[in-house]
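Asker: here is my input, please return the structure:
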Amino acid sequence: MMTTNGLVVLLLLSGSVLVCNLQPQGAITRFHHVSLMKTWTEAQSYCREKFIDLATIPSQAANTEAQKVAGHGHVWIGLYNGSWRWSQEGKPVENWFLRKTNSIMGSRKCAVLNMFGNWMAKDCDSQCRFVCSSEYDCRQHRGPH
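Answerer: As a prediction, this is how the structure comes out:
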């Protein structure tokens with residue numbers, strides 16, 4: 001009979017394999033909710049130390065996933081107004097976002113994701129919870145072919 005811990009490990013491994021089989025390009029992004037209250041800059045430093053960076057959201061599907069992880073309230077994401085760029089590598093914001101929220105963002109400098117999946121501008125010195133991102137490289141975790 002399999003122990004509870006063994007079953008949990010088996011289920012986790014099975015989920016990773018299934019997800020990776022759907023990701024032929026290799027890496028998948030994972031989002032992590034952090035319930036600490038920090039300014040945007042403090043949140044960025046924390047994410048860079050513990051994960052990769054504040055969440056970069058390149059698509060509507062990723063936005064939905066980040067929203068699920070974030071839960072209720074407003075959470076920092078990696079978007080800041082240096083002509084609206086992502087924290088990670090200064091990547092520009094994709095067109096789908098600009099069409100969706102350009103009029104909402106205004107001139108404030110940092111963005112939060114709310115529980116409805118909307119992005120809003122907020123003073124970067126405000127304290128919020130936040131979402132970090134990490135990557136899981138499926139190519140390094142695949143079994144023999």
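Asker: what's downstream of the longest strand seen in the chain, the next helix or strand?
Answerer: Criterion DSSP state E: the longest strand present in the chain is strand 27-38. Next helix or strand after strand 27-38 toward the C-terminus (DSSP states H and E): helix 40-50.
Asker: in that following helix, what's buried?
Answerer: Within helix 40-50, the residues scored as buried using 16 or more other Cβ atoms under 10 Å are W40, E42, A43, Q44, Y46, C47. For every residue, glycine as well, the C-beta is placed using N, CA and C.
Asker: on that earlier part again, which secondary structure elements does the longest strand of the chain contact?
Answerer: Using 3 or more Cβ pairs under 8 Å, 6 or more residues apart in numbering; DSSP states H and E, the elements in contact with strand 27-38 are helix 40-50, helix 60-70, strand 128-137.
Asker: hmm, who's touching the second one?
Answerer: Residues outside helix 60-70 that contact it (Cβ atoms under 8 Å, 6 or more residues apart in numbering): 29, 31-33, 55, 57, 77, 96, 113, 115-117, 129, 131.
Asker: repeat that with 6 Å
Answerer: F31, H33, A55, I57, L113, G117, V131 (Cβ atoms under 6 Å, 6 or more residues apart in numbering).
Asker: repeat for the shortest one
Answerer: The list of residues contacting strand 128-137 from outside it, by Cβ under 6 Å, 6+ apart, reads 26-35, 43, 47, 51-52, 55-56, 66, 69-70, 74-77, 112.
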